[in-house]
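>>> build the 3D model from these lines:
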Amino acid sequence: MNFELILQLTSLLLVVAAGPLVVILLATRRGNL
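Here you go, the predicted structure:
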């Protein structure tokens, strides 16, 4: 496989996974406060 393709898929996966994680993190912080 192409290295650039793997890099793009990995970055895309990180962005898609980071979205909900940030929302959950903000929700838990607001809940604790």
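>>> SS state for T10?
helix (DSSP: H, G, I helix; E, B strand; the rest coil).
>>> that one: how many residues sit nearby?
10 (other CB atoms under 10 Å). C-betas here are computed from N, CA, C, even on glycine.
>>> over to the one 4 residues further on?
Neighbourhood size, L14 [other CB under 10 Å]: 11.
>>> contact partners for it?
Neighbouring residues of L14 by CB atoms under 8 Å, 6 or more residues apart in numbering: there are none.
>>> which residue is nearest the centroid of the protein?
What sits nearest the mean C-alpha location of the chain, by CA atoms, centre = their mean, is A18, with 1.5 Å.
>>> name the helix or strand for it, please.
Taking DSSP states H and E as the criterion, A18 maps to helix 3-32.
>>> list the buried residues for that helix?
Within helix 3-32, no residue counts as buried by 16 or more other CB atoms under 10 Å.
>>> could you list the low-confidence segments of this structure?
By pLDDT under 70, the weakly predicted segments of the chain are 33.
>>> and if we set it to 90?
Confidence mapping of the chain against pLDDT under 90 gives the ranges 1, 29-33.
>>> and the gap between the residue nearest to the centre of the chain and E4?
Note on A18: its distance to E4, by CB to CB, to the nearest Å, is 21 Å.
>>> likewise for V16?
V16 is 19 Å from E4, by CB to CB.
>>> what residues are up against the residue nearest to the centre of the chain?
Contacts of A18 (CB under 8 Å, 6+ apart): none.
>>> can you start the count at 894 instead of 1 from here on
Done: numbering now begins at 894, and the last item shifts to A911.
>>> could you measure from it over to L905?
11 Å.
>>> likewise N925?
31 Å.
>>> cool, P913 as well?
15 Å.
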